[in-house]
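In: just need the structure, nothing else, for what follows:
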Amino acid sequence: MQLGATVANVRQKRLYLGENPARERQLAELGFVFDVVDYRFEVIMAALAVFKQLNGHADVRQSFVVPDEPPWPRECVGLPLGRRLTQIRTRGDMVKASSERRGRLSAIGFSWTPKRGRRAVPKRRGSSSR
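Out: Next up, the predicted model:
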């Protein structure tokens, strides 16, 4: 039995669960993630809440990655939060079919319009990469 294929079948087709709520409850107690998109969204929301708590706003730079230090939740460490929020803003990732998710982002202060005027740091003259 291949674990990855079995997990995918449980998530997508509810295989191996049958009409047995005890099996689903056992998996949930183990921390099994049934809805990956929902889980990823919750991780993003947790990271965004900490970012706002620390910075007083939810305007996350695209290059921001969640650091491995308190008070960041363990499951958020290493998350490219700025890039994920840009994908949500520009492509509608995770929110296209969910007005509830859009509302939660708006409520925390997420800006649906990208900030303008941010420029890359200019390279210094005379420096080379040789």
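In: in this structure, which ranges drop under the pLDDT threshold?
Out: 1, 13, 116-130 (pLDDT under 70).
In: how about 90 then?
Out: Applying pLDDT under 90 to the chain picks out residues 1-38, 97, 113-130.
In: state which helix of it is the longest.
Out: helix 36-55 (DSSP state H).
In: contact partners of the helix or strand where Ala5 lies?
Out: Assigned by DSSP states H and E, Ala5 belongs to helix 3-13. For helix 3-13, contacts defined as Cβ atoms under 8 Å, 6 or more residues apart in numbering pick out 15-17, 27, 32-36. No exception for glycine: its C-beta is placed from N, CA and C like everyone else's.
In: following that helix, which helix or strand comes up?
Out: Downstream of helix 3-13, the first helix or strand assigned by DSSP H and E is helix 21-29.
In: could I get the buried residue list for that next one?
Out: 24, 27 (16 or more other Cβ atoms under 10 Å).
In: also stretch 45-60?
Out: By neighbour count with 16+ other Cβ under 10 Å, stretch 45-60 contains the buried residues 45-48, 50-52, 58, 60.
In: distance to Val66 for these - can I get that in TSV?
Out: Output for the buried residues of stretch 45-60, formatted as TSV (distance: Cβ to Cβ, whole Å):
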residue	distance to Val66
Met45	13
Ala46	10
Ala47	5
Leu48	10
Val50	8
Phe51	8
Lys52	13
Ala58	14
Val60	10
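In: between those, which sits nearest Thr86?
Out: Taking Cβ to Cβ as the measure, Thr86 lies nearest Val60 of the buried residues of stretch 45-60, at 8.7 Å.
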